[in-house]
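In: Build me a model from this:
(chains A and B)
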Amino acid sequence: MMSHPLVIARKEIVDGLRDVRSLVSALVYALMGPVVVGLVSLSVHPGTKGGTTVLAGMMSVFTLVSAFVGGMNVAMDTVAGERERRSLVPLLLNPVRRVDVVIGKWLAVCFFAAAGLAINLAGFAVLIARAGMAPPLRLAPAAALGLISLPLLAASLQLLISTTCRAVKEAQTYLSLSVFLPMGAGMFVVFAPPSAHGWCGLLPLAGQQLQLEAFMAGSGTPTVQALAVGCLTAALAAVLLLVAAKRLESDEIVYGN
Amino acid sequence: MIRIQDLRKSFQRRTVVQDLSLEATDGAITGLLGSNGAGKSTTLRMICGVLEPESGSIQVDHRCEAEERQNRLGALLDHNGLYARLTVRENLAYFGRLRGIPPESLPARIDNTLAMLGLESIADRRAAGFSQGEHMKTALARAILHGPQNIVLDEPTNGLDVHSVRSLREVLMRLRNAGKCILFSSHVLEEVRMLCDRVFIISAGRLVARGTPEELCAQTGAASLEEAFVRVTL
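Out: Predicted coordinates for the structure are as follows:
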């Protein structure tokens, strides 16, 4: 017999896959990066080193954002949407711990967030191949160590936001703002002095951005550092998830006021 | 059997339920009556373990822990949303899995519940666009799928047409005759008179009267249950 989180995750994934409109919008978001960066790099300096520099510089922010948009609709629907449709209380009537409810929903959001990230990376891989660039693949595992934790963080943050909202519309407002978080981290890294890049490399989001930039530049990141930022990001995701579970235990969730 | 003793609950310094005690026995339909805001839904939510009482005790088949109570309860509360992109069968299967019904017996259990409520014709339809009657019956099917001994219903006939009310009434009587304990809240006093073996009336979160519909009429000297209700809740 499946555990409660897996039962919930399975249902949320099936439900999410049937929401075709949301899937299309998530797909558009995921592929927006490769398309925009492709157009910019080709139109500015087609076939030159300048074009590939634009591509290498812009890719990281779009990739970080894709991890945040892939699961956004599901995160919105799965708690705020359930409250709005009045199906959350029937779920809580079951002998299931609230933390298991949150973990199940989180697994489903992670699934969609990871899919968004994977589609984005696949799009960039095609673009990179077409631009004739050859980033060192031997450095890819280290970059992946940090990136893997991104959907976990995005899902936790979005689920926490969703538990604080009473309706889908309200959740949509705040979840859309959450997409600016990786953009902000990207800008922070751009404007921070190079001397600060050492400790920035350990910060969630900024660390992944620096790893991606280093990967595209062919220099790579030390595996220990990549692992450290991955672990720190996953730890932050766990904390946010526990806060979301605590929030689900409040009377306000049941009453909606 | 559901028994609550000296139950109390407040929200934002407003006391919604205070010193409330009542008992719903097996093989009987117990009515919980009260005006809007009297504390009926809050009481039922506390019994069902989705809200924590401030003080007092709740027992369901002599079990006090929320999880143990939930194991022995099926409930249809005022929040009864379905998953619109899932079929009736899928909606039920999801809750059956959460209830721990073994996978090998789940399909048969679902078929039996669908047959009991006459839902076979819409079993494989997605819940989006259901009529109020179809929605309510599906939500009731979800509440009784695991065969709970105790059933809690919060205004289950709200928004239903005459045919749906009649069929719901028949289902409740069948469940009562099978020995189930049914705790039922409603605003429709005629329905309460027809269905309930025992009635508890609450006002401003406090118990103000109890007894069979006939006893309540006799206690208040009223000719009808409606008149008796008005007299004790004024």
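
In: what sits against residue 92?
Out: Since you didn't name a chain, this refers to chain A. Residues near A:L92 by Cβ atoms under 8 Å, 6 or more residues apart in numbering or on different chains: A:98, A:101, A:248, A:253-254, B:50. Every C-beta, even on glycine, is put in place using the N, C-alpha and C of the backbone.

In: Can you look at chain B instead?
Out: Contact analysis of B:L92 by Cβ under 8 Å, 6+ apart lists B:110, B:113-114, B:138, B:141-142, B:145.

In: from these, which single one is nearest chain A?
Out: For the contacts of B:L92, the minimum distance to chain A (Cβ to the nearest Cβ) is 6.7 Å, reached by B:R142.

In: Chain neighbours aside, what residue packs nearest to whatever residue of the stretch 1-150 of chain A ends up closest to chain B?
Out: At 3.2 Å from chain B, A:S87 is the closest residue in the stretch 1-150 of chain A, using Cβ to the nearest Cβ. Residue nearest to A:S87 in three dimensions, not counting chain neighbours: B:G81, with 3.2 Å by Cβ to Cβ, 6 or more residues apart in numbering or on different chains.

In: coming back round to it: will you turn the contacts of A:L92 into CSV that also has secondary structure and distance to A:M72?
Out: Rendered in CSV, the data for the contacts of A:L92 read as follows (DSSP: H, G, I helix; E, B strand; the rest coil; distance: Cβ to Cβ, whole Å):
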residue, secondary structure, distance to A:M72
A:R98, helix, 23
A:V101, helix, 20
A:L248, helix, 19
A:I253, helix, 21
A:V254, helix, 25
B:V50, coil, 28
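
In: Between these, which sits nearest A:P5?
Out: A:V101 (8.1 Å; Cβ to Cβ).

In: Am I right that the closest one is in contact with A:R247?
Out: No. With contacts defined as Cβ atoms under 8 Å, A:V101 does not count as touching A:R247, sitting 11.3 Å away.

In: who has more neighbours, those two?
Out: Higher neighbour count among A:V101 and A:R247: A:V101, with 24 against 18, using other Cβ atoms under 10 Å in any protein chain shown.

In: And the more buried one, how far from B:T43?
Out: Note on A:V101: its distance to B:T43, by Cβ to Cβ, to the nearest Å, is 24 Å.

In: just to revisit the earlier point, thought the residue nearest to A:S87 was touching A:R83?
Out: No. Applying Cβ under 8 Å as the test, B:G81 and A:R83 come out as separate, 9.1 Å apart.

In: So those two - more neighbours on which side?
Out: A:R83 (22 against 19).

In: I'd say the more buried one and A:K169 touch.
Out: No. With contacts counted by Cβ under 8 Å, A:R83 stays clear of A:K169, the gap being 11.9 Å.

In: Tell me the secondary structure at the residue in chain B that chain A sits nearest to.
Out: In chain B, the residue that lies nearest chain A is B:G81 (3.2 Å; Cβ to the nearest Cβ). With DSSP: H, G, I helix; E, B strand; the rest coil as the basis, B:G81 sits in coil.

In: OK, contacts around it?
Out: The neighbours of B:G81, taking Cβ under 8 Å, 6+ apart as the test, are A:82, A:85-88, A:90.

In: which of the residues you listed sit farthest apart?
Out: A:R85 and A:P90 (10.1 Å).

In: When those two are compared, which one has more neighbours?
Out: Set A:R85 next to A:P90 and count neighbours by other Cβ under 10 Å: A:P90 wins out with 24 against 16.

In: Show me the residue at the heart of chain B, geometrically.
Out: Taking Cα atoms, centre = their mean, the centroid of chain B lies closest to B:L153, which sits 1.3 Å from it.

In: ok, the helix or strand hosting that residue near chain A or not?
Out: Take DSSP states H and E as the rule and B:L153 turns out to sit in strand B:150-154. No. Strand B:150-154 stays clear of chain A (Cβ under 8 Å from any Cβ of the partner chain), getting no nearer than 9.0 Å.

In: distance between the longest helix anywhere in chain B and the chain's centre?
Out: In chain B, assigned by DSSP state H, the helix with the most residues is helix B:162-177. With Cα atoms, centre = their mean, to the nearest Å as the basis, helix B:162-177 stands 13 Å off its chain's centre.

In: Any buried residues in that helix, and which?
Out: B:164-165, B:168-169, B:171-172, B:175-176 (16 or more other Cβ atoms under 10 Å in any protein chain shown).

In: Give me the angle between it and strand B:150-154.
Out: Relative orientation of helix B:162-177 versus strand B:150-154 (axes from the mean of the first three to the mean of the last three Cα atoms, to 10 degrees): 150 degrees.

In: Please work out which residues outside the helix or strand that comes right after helix B:162-177 touch it.
Out: Next along the chain after helix B:162-177, taking DSSP H and E as the criterion, comes strand B:181-185. By Cβ under 8 Å, 6+ apart, the residues outside strand B:181-185 that reach it are B:1-2, B:24-34, B:40-41, B:44, B:47, B:149-156, B:172, B:175-176, B:192, B:195-196.

In: Can you tell me which of those residues are buried?
Out: Neighbour-count burial within the contacts of strand B:181-185 applies to B:1-2, B:24, B:28-34, B:40-41, B:44, B:47, B:149-156, B:172, B:175-176, B:192, B:195-196; the criterion is 16+ other Cβ under 10 Å.

In: can you give me the helices for chain B?
Out: Going by DSSP H, chain B shows helices at B:40-47, B:66-71, B:88-98, B:106-116, B:132-144, B:162-177, B:189-195, B:213-220, B:225-233.

In: Average pLDDT for stretch A:180-199, rounded please.
Out: The average pLDDT within stretch A:180-199 is 75.

In: wait, stretch A:70-82
Out: Summarised as a single mean, pLDDT over stretch A:70-82 is 93.

In: how far does it sit from the chain's center?
Out: 13 Å.

In: Do any residues in that stretch lie close to chain B?
Out: Yes. Counting by Cβ under 8 Å from any Cβ, chain B is contacted by stretch A:70-82 at A:E82.

In: returning to that earlier point: rebuild the helices of chain B as JSON lines, extending it with mean pLDDT.
Out: As requested, the helices of chain B are exported to JSON lines (pLDDT from 0 to 100):
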{"stretch": "helix B:40-47", "mean pLDDT": "94"}
{"stretch": "helix B:66-71", "mean pLDDT": "93"}
{"stretch": "helix B:88-98", "mean pLDDT": "97"}
{"stretch": "helix B:106-116", "mean pLDDT": "95"}
{"stretch": "helix B:132-144", "mean pLDDT": "92"}
{"stretch": "helix B:162-177", "mean pLDDT": "89"}
{"stretch": "helix B:189-195", "mean pLDDT": "87"}
{"stretch": "helix B:213-220", "mean pLDDT": "90"}
{"stretch": "helix B:225-233", "mean pLDDT": "89"}
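
In: Many thanks, have a good one.
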